[in-house]
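**Student:** just need the structure, nothing else, for what follows:
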Amino acid sequence: MKSAANEDTMTRYLLGQLPEQDAATLEERFFRDDDFFEELRAVEADLIDQYVRGELSGAELHQFGSHFLKSAARRQRVDFAKALADAANQSATQAPSAMSTAGSRRVALSPMPPRPLPKWLAIAAMLLLVAGAWLAFENRRLARQIRSVQDSRFTEESHRRELEGRVKDLQSSNSQLTAELEQERRKQPSSGSSIASVVAFVLSPGMVRSTDEPTRLVVPKEVDKVKLQLDVETAGDHQSYRVELRTVGGQLVWSQDMLQARTTNWGKVVVFLIPSSVLAAGEHELTLRGLIGRGKFEDSSYYYFSVIKR
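**Tutor:** Numbering: from 1, shown residues only. Reported below is the predicted structural model:
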């Protein structure tokens, strides 16, 4: 059932008289509420009928011509309504004329049976029903397509925001690693031996080697150790972790046990130091394995990267 407030708002929308923000809000409801959309179609039909009967004037008539009739589909519906109105008017004028002629001849000896509807009017009514059903089907189909596009845009926007948050977290992790390295340097004895230099990197997991270039770690030749932070992909808790470094060919070149995970704003991470001497130039595969029992480990995450020595 149409309410007066809804009908007035929908009429203003159809005539392009609503503010842009209000029109967008109304359109969003059309896409979500099929009953509300059908109410709009009824208001549109009433507006077309008023135009055909010449009941629009002033600003409404101007907006109808400048805004409503911009749509080709709406112009077709107006033309169809005009044709029906003209046919109905023609039928109405012919009926009194026929009755007058019959009366003047004075031959109505018995009541005449009611005449059936003209054939053209029956065909027009059938066409109107078919056109209405087709328009309703098309409107629902288009509404579903629009909702699908909106859902896709929402998913892309959520993914973009998630990536932005991930980048900020990585930047925070890098800053934290830099601060920790600085603390370690300060803890080193100032006399006797030289302070070992360290660089730090953050690695994200990947279950398979990507077709793109792997993450590149640029390791200066004067660096003694490399600090790696591994983002832990699995959600399960392990007593401790083991890391295994292998060449592209699968040869184990270095490993370390008893590593503990810690929690950050983004998730769990495992941090450790690795001698730069075992990181030869080229591609490498790093496996993070979680301890599940006495000497038993299960694979947790895989990391692929290449080392560039400078």
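
**Student:** where does the stretch 1-150 of the chain have low pLDDT?
**Tutor:** In the prediction, the stretch 1-150 of the chain carries residues with pLDDT under 70 at positions 1-3, 91-127, 129-134, 136-137, 139.

**Student:** surely I146 meets F31?
**Tutor:** Yes. Between I146 and F31 there is a contact at 5.5 Å, judged by C-beta atoms under 8 Å. Quick note: C-beta positions are derived from backbone N, CA and C, even for glycine.

**Student:** neighbour-wise, which of these two wins?
**Tutor:** Using other C-beta atoms under 10 Å as the criterion, I146 and F31 rank with F31 on top: 17 against 14.

**Student:** let me know the helix or strand that that one is in.
**Tutor:** Secondary-structure element containing F31, defined by DSSP states H and E: helix 20-32.

**Student:** sec struct for A73, please.
**Tutor:** helix (DSSP: H, G, I helix; E, B strand; the rest coil).

**Student:** how much space is there between it and L135?
**Tutor:** Using C-beta to C-beta, to the nearest Å, A73 is found at 8 Å from L135.

**Student:** go on, F201?
**Tutor:** In terms of C-beta to C-beta, F201 sits 61 Å off from L135.

**Student:** ditto for K168
**Tutor:** K168 sits 49 Å away from L135, going by C-beta to C-beta.

**Student:** what do you get for Q90?
**Tutor:** With C-beta to C-beta as the criterion, Q90 and L135 are 26 Å apart.

**Student:** do L230 as well
**Tutor:** Separation of L230 from L135 (C-beta to C-beta): 59 Å.

**Student:** the two: who's more crowded?
**Tutor:** The neighbour comparison of L230 against L135 (other C-beta under 10 Å) goes to L230, with 24 against 14.

**Student:** wait, a strand at the more buried one?
**Tutor:** Yes. When three-state DSSP is applied, L230 is found to be in a strand.

**Student:** partner residues bridging it?
**Tutor:** Here L230 shows beta-bridge partners L203, V270, assigned using DSSP bridges.

**Student:** wait, it sits on K268?
**Tutor:** No. Using C-beta under 8 Å, L230 is not in contact with K268, being 9.3 Å away.

**Student:** circling back: please save the CA atoms from the helix holding F31 in PDB.
**Tutor:** Output in PDB follows, covering the C-alpha atoms of helix 20-32 (Å, rounded to 0.1, in the frame of the first residue of the first chain):
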ATOM      1  CA  GLU A  20      21.500  13.900  -4.700                       C
ATOM      2  CA  GLN A  21      22.100  12.300  -1.300                       C
ATOM      3  CA  ASP A  22      18.400  11.600  -0.700                       C
ATOM      4  CA  ALA A  23      18.100  10.100  -4.200                       C
ATOM      5  CA  ALA A  24      21.100   7.800  -3.600                       C
ATOM      6  CA  THR A  25      19.500   6.600  -0.300                       C
ATOM      7  CA  LEU A  26      16.200   6.000  -2.100                       C
ATOM      8  CA  GLU A  27      17.900   4.000  -4.800                       C
ATOM      9  CA  GLU A  28      19.700   1.800  -2.300                       C
ATOM     10  CA  ARG A  29      16.400   0.900  -0.700                       C
ATOM     11  CA  PHE A  30      14.900   0.100  -4.200                       C
ATOM     12  CA  PHE A  31      17.700  -2.500  -4.700                       C
ATOM     13  CA  ARG A  32      17.200  -4.100  -1.300                       C
END
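
**Student:** ok now that helix, how far from the chain's centre?
**Tutor:** On the basis of C-alpha atoms, centre = their mean, to the nearest Å, the separation between the geometric centre of helix 20-32 and that of its chain is 17 Å.

**Student:** for that helix, packing partners?
**Tutor:** The criterion is 3 or more C-beta pairs under 8 Å, 6 or more residues apart in numbering; DSSP states H and E, and the helices and strands that helix 20-32 contacts are helix 4-14, helix 34-52, helix 119-187.

**Student:** for the first one, list every residue counted as buried.
**Tutor:** For helix 4-14, a neighbour-count test (16 or more other C-beta atoms under 10 Å) marks E7, T9, M10, T11, R12, Y13, L14 as buried.

**Student:** is it true that the second one touches R29?
**Tutor:** No. Using C-beta under 8 Å, T9 is not in contact with R29; the gap is 10.6 Å.

**Student:** need the overlap of contacts for those two.
**Tutor:** Common neighbours of T9 and R29, counting by C-beta atoms under 8 Å, 6 or more residues apart in numbering, are absent.

**Student:** and the gap between Q17 and S172?
**Tutor:** For Q17 relative to S172 (C-beta to C-beta), the value is 50 Å.

**Student:** can you check Q239 too?
**Tutor:** Summarising the geometry, the distance separating Q239 from S172, computed by C-beta to C-beta, is 28 Å.
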